[in-house]
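J.: What shape does this take:
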Amino acid sequence: MIYRPMYVDKIMAYTDTPFVKVLTGVRRCGKSTILKMIMEKLKTERIIPEDHIVSCRYDSMEYEDVTAKEMFAELKAKLAPNGKTYLFLDEVQEINGWERAVNSLASDYDVDLYITGSNSRMMSSEISTYLTGRYISFRIYTLSFAEYLTFKRSYRTVGDPRTELAEFVRLGGFPATHLQSYSQDEIYTIVRDIYNSTIFSDIVKRNQIRKIDQLERVVKYTFGNVGNTFSAKSVSDYLKSENRKIDNETVYSYLEKLEKAYLLHRCSRYDLQGKEILKTQEKFYLADTSLRYSVLGYHSDTVASSLENIVYLELCRRGYSVYIGKTNDGEIDFVATRQNEKLYVQVTQSMDSEKTEKREYNRLLEIHDNYPKYVLTANEFAGGNYEGIKAMHIADFLLNPEY
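T.: All right, here's what the predicted structure looks like:
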C-alpha cells in the first residue's frame, strides 16, 4: 500500500470521537485501501488489539442476501467484551437499510465507526435521514498529481513534473492503474471496467433503467463536453438531431444519477455582481480524466478542457467550494471559496500569443477585490506577476498546496 496522508491523517483526527466517519467517492478511488491504512495505524500507533478491530466488506458474495437486522446481529456479536471496538464497514450501501443498523451501533455501543460507499445511498441527503448530527463525510478522489508522482516513483523514474503532467492528463489517477507499469491501453481497459461496473451496477440496475443506449448517449455527450456550459435542452436537441428523441426531464434524471454515482461533478455558475448562484448553464467535470479517454478515445484537442478538469478536482481536494464566475462580459473559469478565503483561477493550455494573454488577464482584472488571482497554463514560460495576477505552470500550482 502506498500511503495517502491527505485522507488518512484528516480522517484519523476524528478517531475515538462519537461521529461515524463516512468515506464516499467513485468506485475504485481508493476508499477500501484508506480503511486498511487506518486499521494499520490503529494497530501500530494506537496499539489497538486486533480483536478490537472488526472489518466487513459488503460487496462480497458472502453478504448478498443479508438483511440490515442480520448485519446488526453479526456486528453486535463481534464487539469486544471490554473497551471500544473499531468497526470498518466497506461498501455498506449494499445492505438495504444499513443506516438503521449503523445508527443503532453508534447509539447503543462503545464503537468507533468507519464506513464507505460508492453511490446515491451514500449521498449526504440519504445519510442525514438516520445519522443526523452523528457523522462526518469525507469525499475521496482519485489520485492528485502529487499522489500520482508518488505512486509512479515506486516502479519507475519520474521526470520533470511539467513533462509528467501531460501523461497524467492522458492516464488519469485511478490508484489501481498506477501500482505498476501499465501501457495506456491496459490502463484504459481497467478504467473501462470501472466505468461499466458503475453504469450497470450503480445506475442501470439500481434504477431499473431500460433505455441503456439512451443513457450511454447522454454519458458520451457529457464526457465530450467537459468544461463547456450546457443545459438539458442542449443535450436533448443534440440527440434529436441524431434522430434520438429524449425529453429534458429524462436528461436531468440521467445527469443526476451520474452525479450520484460520483462519475460527474456539477459546477454551478456564480454571478459575481449579483452574488448569487445561477441555476442555468452549468458545467460538468469528470471524476477522473481517464474516464473520458477510455470511453471516447484520446484526442489531443481535448487536452485544454482536461487540464481544466484536473484543476477543478484539485481545488475540491483542497476543501474549496468551486463555481464558474460570471462577469459582465464573460466568465472566470473558477471562483473557489473556503471559509473566509477566496481565489480566482483562469486555466489555459498555452499563453503563446498576446491576444491569449490579454484575454486571460483582462477577465481577472474585471474583479476589483484583493483575493488571490491566478492564470495557470501548461506551456513553458517564466511565469510572473501581472498587475497582481500570478501566472504559473499548472504543474507548479498542483504540487504546491499552499495556493
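J.: Just the strands from the stretch 151-300 of the chain, written as ranges.
T.: 264-271, 276-286 (DSSP state E, counting those that start in this stretch).
J.: Pick the most buried one from the ones you listed.
T.: Ranked by mean neighbour count, these are led by strand 264-271 with a mean of 18 (mean count of other Cβ atoms under 10 Å). Placement of C-beta: from N, CA and C, glycine included.
J.: what are the pairing partners of it, and which direction each?
T.: As defined by DSSP bridges, the strand partners of strand 264-271 come to strand 276-286 (antiparallel), strand 321-326 (parallel).
J.: quick one: low-confidence ranges for the stretch 251-400 of the chain?
T.: Scanning the stretch 251-400 of the chain with the threshold set as pLDDT under 70 gives 381-383.
J.: what's the helix or strand for residue 361?
T.: Element membership of residue 361, judged by DSSP states H and E, is helix 354-365.
J.: Other residues contacting that helix?
T.: With contacts defined as Cβ atoms under 8 Å, 6 or more residues apart in numbering, helix 354-365 is touched by 327, 329-332, 344, 346, 348, 350-351, 373, 375, 386-387, 389.
J.: circling back to that earlier point, please identify which of the strands paired with strand 264-271 is closest to residue 227.
T.: strand 276-286 (6.2 Å; Cβ to Cβ).
J.: and the strands of the stretch 151-300 of the chain as JSON lines, adding distance to residue 258?
T.: Compiled in JSON lines, these are given as follows (distance: least, Cβ to Cβ, whole Å):
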{"stretch": "strand 264-271", "distance to residue 258": "5"}
{"stretch": "strand 276-286", "distance to residue 258": "8"}
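J.: can you tell which of the ones you listed is closest to residue 295?
T.: strand 276-286 (9.7 Å).
J.: chain center to the closest one: distance?
T.: Chain-centre distance of strand 276-286: 17 Å, with Cα atoms, centre = their mean, to the nearest Å.
J.: Just the CA trace of it, in CSV.
T.: Provided in CSV are the C-alpha atoms of strand 276-286 (Å, rounded to 0.1, in the frame of the first residue of the first chain):
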residue,chain,number,x,y,z
GLU,A,276,-25.9,34.6,-6.3
ILE,A,277,-25.7,31.0,-7.6
LEU,A,278,-27.3,30.7,-11.0
LYS,A,279,-29.4,27.6,-11.9
THR,A,280,-28.8,27.5,-15.6
GLN,A,281,-25.9,26.6,-18.0
GLU,A,282,-23.9,24.6,-15.5
LYS,A,283,-20.7,22.7,-16.3
PHE,A,284,-19.9,19.1,-15.5
TYR,A,285,-16.4,17.7,-14.7
LEU,A,286,-15.4,14.1,-14.6
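J.: Could you find the closest non-adjacent residue to the residue nearest to the spatial centre of the chain?
T.: Residue closest to the average C-alpha location in the chain (Cα atoms, centre = their mean): residue 141, at 4.0 Å. The spatially closest residue to residue 141, leaving aside those adjacent along the chain, is residue 317, at 5.4 Å (Cβ to Cβ, 6 or more residues apart in numbering).
J.: For that neighbour, give its distance to residue 258.
T.: According to Cβ to Cβ, to the nearest Å, residue 317 and residue 258 sit 20 Å apart.
J.: Same check on residue 113?
T.: Distance from residue 113 to residue 258, by Cβ to Cβ: 29 Å.
J.: Quick one: closest of the strands paired with strand 264-271 to residue 18.
T.: Among the strands paired with strand 264-271, if distance is taken as Cβ to Cβ, the winner is strand 321-326, at 26.6 Å.
J.: Much appreciated, bye for now.
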